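Visitor: My questions are about this predicted structure, shown below with the sequence.
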Amino acid sequence: MAGLSGAVIDDDGWCKQARRCASPNFGPRPAGCAVELALVHSISLPPGEYGGDAIERLFANRLDWDAHPYFQQIRGLQVSSHFVVRRDGELLQFVSCNERAWHAGRSAWRGRENCNDFSVGVELEGLEGERFEEAQYARLLPLLRALARRYPLQGVAGHEHVAPGRKIDPGPGFDWPRVTEGLRWHGRYFPEGLRGPR
């Protein structure tokens, strides 16, 4: 798979190694608000089913709500994330990192509310509690490094850490030790008490 060893975010906030799938669901970041958090999520549509185009359609506001019974539960939802990493490691980008995507919802990180204002969302195709693929970690780590080179990143967290009790992703199947050891960043970048499959 090409490009796994590195990733580059350009001045416009787009990753050169990503397939661009522009979403209309974004807005400007508040004035003076820098990207300081990488927020890891998991997503699958329908839950537990992989490989289709439902995630792309959801983020583009083109999902056929009648195509699956589960879609009725999210009918009319308008959301996005900056990135999606598919099970095979393919990287998709929906919103420029310079813009505010709609991925975190009601959230807080280290005393700051509204994480969408200062975070980049990375969705891993997967289901909470299930393990993620080798190719996804191989894509995620270079992406996080690229974000840290481009922006004053101060942390990496899961959706579960910024919206506890409301969200549980990426969940216990996500290998946090692999990420922390792979990045070799100071412990202050990560939530306290991280657990993972290792």
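Guide: Everything's here; your move. All figures in this text were calculated on a predicted structure; none of them were measured in a lab.

Visitor: helix/strand/coil for the residue nearest to Gly51 when sequence neighbours are not counted?
Guide: The shortest distance from Gly51 to any non-neighbouring residue, by CB to CB, 6 or more residues apart in numbering, is to Arg87 (6.9 Å). C-beta coordinates here come from the backbone N, C-alpha and C atoms, glycine included. Here Arg87 is recorded as coil under DSSP: H, G, I helix; E, B strand; the rest coil.

Visitor: which one is Ala60 nearest to, not counting chain neighbours?
Guide: Counting by CB to CB, 6+ apart, the residue nearest Ala60 is Ser23, at 5.7 Å.

Visitor: does that neighbour sit in a helix or strand, and which one?
Guide: Here Ser23 sits in a region with no helix or strand, counting by DSSP states H and E.

Visitor: how far away is it from Trp65?
Guide: 17 Å (CB to CB, to the nearest Å).

Visitor: More neighbours: which of the two?
Guide: For Ser23 versus Trp65, the count of surrounding residues by other CB atoms under 10 Å is larger for Ser23: 21 against 14.

Visitor: Hmm, the residue nearest to Ala60 is touching Arg57, no?
Guide: No: with contact defined as CB atoms under 8 Å, Ser23 and Arg57 do not form a contacting pair (10.5 Å).

Visitor: What residues sit buried inside stretch 119-134?
Guide: The neighbour-count check on stretch 119-134 (16 or more other CB atoms under 10 Å) flags 119-128, 132-133 as buried.

Visitor: all strands of the chain, in order?
Guide: 19-20, 26-28, 37-43, 83-85, 91-93, 99-101, 108-109, 112-113, 119-125, 155-158 (DSSP state E).

Visitor: As a quick check, tell me the outermost residue of the chain.
Guide: For the chain, the residue at maximal distance from the C-alpha centroid (CA atoms, centre = their mean) is Asp66, at 26.2 Å.

Visitor: Quick one: residues contacting that residue.
Guide: Gln72 (CB atoms under 8 Å, 6 or more residues apart in numbering).

Visitor: any idea which helix is longest in this structure?
Guide: Ranked by residue count and defined by DSSP state H, the top helix of the chain is helix 134-150.

Visitor: Which residues in that helix does the neighbour count mark as buried?
Guide: Result for helix 134-150 [16+ other CB under 10 Å]: buried residues 135-137, 139-148, 150.

Visitor: Which residues does it contact?
Guide: Applying CB under 8 Å, 6+ apart, the external contacts of helix 134-150 come out as 1, 3-9, 13, 15, 17, 35, 38, 40, 83, 85-91, 97, 120, 122, 124-126, 153, 156, 175, 178-179, 182-183, 185.

Visitor: one more time with 6 Å, if that's ok
Guide: Helix 134-150 is contacted from outside by 4, 6-9, 38, 85, 88-89, 91, 120, 124, 153, 178, 182, using CB atoms under 6 Å, 6 or more residues apart in numbering.

Visitor: got it, and stretch 27-40?
Guide: The contact list for stretch 27-40 (CB under 6 Å, 6+ apart) reads 100, 104, 109, 117-122, 144, 147, 151-152, 154-156, 158, 170.
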